[in-house]
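> Have a look; sequence and predicted model below, questions after that.
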Amino acid sequence: MPRHSELAKIERTGLQVTKLSLGTAPLGGLFTSVPEADSDGVIAAAFAADINFYDTAPLYGFGRAEVRLGRGLNAANKPYVLSTKVGRVLNPVSGSAVAGGLAEFADADTTVEPIFDYSAKGIRRSFEESLVRLGVDRIDVALIHDADDRIDEAIKFAYPELEKMRSEGLVSTIGVGMNYCPPTVKAVVETDIDIVLIAGRYSLLDQSSQDQLFKETMKRKVSVMIGGVYNSGILANPVAGATFHYAPAPDEIIAKAQKIRDLLATFNVSLTAAAIQFPLRHPAVTTVLTGSRSPKELLANIADFDSEVPQEAWAALEAAGLIPPID
C-alpha cells in the first residue's frame, strides 16, 4: 500500500483516516481562481488515489468549497471521512462580500459574508447549513474554526454545543482548527475534544507545536492534523519574495530554507518531499493535510509524500541544527 493511503486512527473515536488528507481552501479559490473542471478533477483524483479524509469550511470561498467538495463526494460513490468547521455563519449581503474583506478567495460567493459566531445557536446553524451545501446527511468531524483570539468565548459557548451534538450522534468527532499553539493547548487542556488541526506550526521551519502542544495531545490521546506544511509557500520555493506564515519571508528564514534545500539535495531529496513528510515523523501526528488546485498538483503532492527520504537525511538536518530532534 502506498504511504499516502495508509490508514491511521483518530484515537478517541476510532475513525480510520489516510495519512495524507485533502484540504479544500484552494477549491474556494484561495488567492487564485480554480475552474469547476479542475475542482472536480482534484476530488476525483484524490478518490482514485484512495485518499479518504476531506476537510473543508464555510469560510473557503464563502461556501463555494463546501459545494464543490459535496459534488465530488457524491460523484465518487466511495467511503470517506468528512471534516468541516463551525464558528462562522454566512449571512446574506446586499453588496459584495469581498469588498468587506477576505478578498483572498477569488471564487467567493459574493452574495454572503462570513461572520464569527461561537454561540450555541450559531454552531448549530453553521453545521446544518454545511450539510445543505455539501449535499450530505452526515459530517464526521466538526472543528471550531480560527478561535485563536477568542478561545475563551469558544470554550464557553461553542464547545458545549459541539459536545451536545456529539452526544446526540450528529457528529462523532469534535475539535479545533487553529493557527497558534497557546490557544490550541488551552482548548486541549480545558475541554474534552478528540482532535486538533494546527496550521503551519509543525514544519521544517516552525516546530513550535513540539514545545507543549504535542505533549498535551499525546497525554490526552487527542489526535493531530497538520496543515500548512509549506509555511504558505517558502518551503515550496525559497526565493526572494516568498511568503512565510502569509507575510514576506525575512532574509534569515529564506536563507535557512535554502540551507535545508541544499543539504537535502545531497541525498537526492527535494525540499517539497521533506516538507510534506516531516510532520509524520512525530508520533503525535495522525495525518498531513494539503490542498491542491489541480489534479497535477495533487499527484505531485502524492509523489512527494510517497518518495523515500532516508533516515540519514533527517539525521543530517538535525546534526546541522536545521531541525531539532523529536522529543
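All right, it came through fine.
> Tell me who's in contact with the closest residue to Ala242 other than its chain neighbours.
Nearest non-adjacent residue to Ala242, counting by CB to CB, 6 or more residues apart in numbering: Ile234, 4.2 Å away. Using the backbone N, CA and C atoms, a C-beta is placed for each residue, glycine as well. Residues near Ile234 by CB atoms under 8 Å, 6 or more residues apart in numbering: 205, 242-244, 249, 253-254, 257.
> Looking at these, which one is closest to Ala25?
Closest approach to Ala25 among the contacts of Ile234 (CB to CB): Thr243, at 14.7 Å.
> Hmm, that closest one is touching Ser232, no?
Yes - counting by CB atoms under 8 Å, Thr243 does reach Ser232; the two are 4.6 Å apart.
> Find the nearest non-adjacent residue to Ile10, please.
Distances taken as CB to CB, 6+ apart put Ser223 closest to Ile10, at 4.6 Å, once the chain neighbours are dropped.
> I'd like to know how far that neighbour sits from Ala319.
Ser223 sits 31 Å away from Ala319, going by CB to CB, to the nearest Å.
> go on, Ala75?
Separation of Ala75 from Ala319 (CB to CB): 48 Å.
> Which helix or strand contains the closest residue to Arg220 other than its chain neighbours?
If you skip the residues right next to it in sequence, Arg220 has Val188 as its closest partner in space, 6.3 Å away by CB to CB, 6+ apart. Element membership for Val188, per DSSP states H and E: helix 181-190.
> wait, doesn't Asp148 sit right on Lys186?
No - between Asp148 and Lys186 there is no contact under CB under 8 Å: 10.1 Å.
> thinking again about what came up before, could you list the buried residues of the helix holding Val188?
Across helix 181-190, burial judged by 16 or more other CB atoms under 10 Å covers 181, 183-188.
> Over to stretch 136-156?
By 16+ other CB under 10 Å, the buried positions in stretch 136-156 come out as 136, 139-148, 150-151, 154-155.
> give the contact list for Thr184.
176, 178, 196, 198, 213.
> and if you look at His145?
Residues near His145 by CB under 8 Å, 6+ apart: 57, 59, 85-88, 176-177.
> now the closest residue to it other than its chain neighbours: how far from Glu153?
Of all residues not flanking His145 in the chain, Lys85 sits nearest, at 3.6 Å (CB to CB, 6+ apart). Distance, Lys85 to Glu153, using CB to CB: 16 Å.
> ok, Ala316 touching Val269?
No - Ala316 is beyond contact range of Val269, at 10.1 Å (criterion: CB under 8 Å).
> The two: which has the busier surroundings?
Val269 (22 against 16; other CB atoms under 10 Å).
> And the more buried one, how far from Val42?
For Val269 relative to Val42 (CB to CB), the value is 26 Å.
> What of Met178?
Plainly put, Met178 is 25 Å away from Val42 if you go by CB to CB.
> Do a quick rundown of the helices in the chain.
Under the criterion DSSP state H, the chain contains helices at 36-48, 64-76, 120-134, 151-153, 159-167, 181-190, 213-220, 251-265, 271-277, 295-306, 311-319.
> mind checking which of these is nearest Glu11?
helix 213-220 (9.3 Å).
> what residues are up against the residue nearest to His145?
56-59, 126, 142-145, 177.
> Kindly recompute the last result at 6 Å.
Contact partners of Lys85, counting by CB atoms under 6 Å, 6 or more residues apart in numbering, are 57, 143, 145, 177.
> hey, what's it bridged with?
Leu143 (DSSP bridges).
> change the start of the numbering to 6 and stick with it
Shifting the count to begin at 6 puts that one at Lys90.
> Out of the helices of the chain, which one sits most buried?
Most buried of the helices of the chain by mean neighbour count (mean count of other CB atoms under 10 Å) is helix 276-282; its value is a mean of 24.
> Could you pull up the residues touching the nearest residue to Arg155 once chain neighbours are set aside?
In this structure, Arg155 finds its nearest non-sequential neighbour in Tyr123, 6.5 Å apart by CB to CB, 6+ apart. Contact analysis of Tyr123 by CB under 6 Å, 6+ apart lists 92, 158-159, 162-163.
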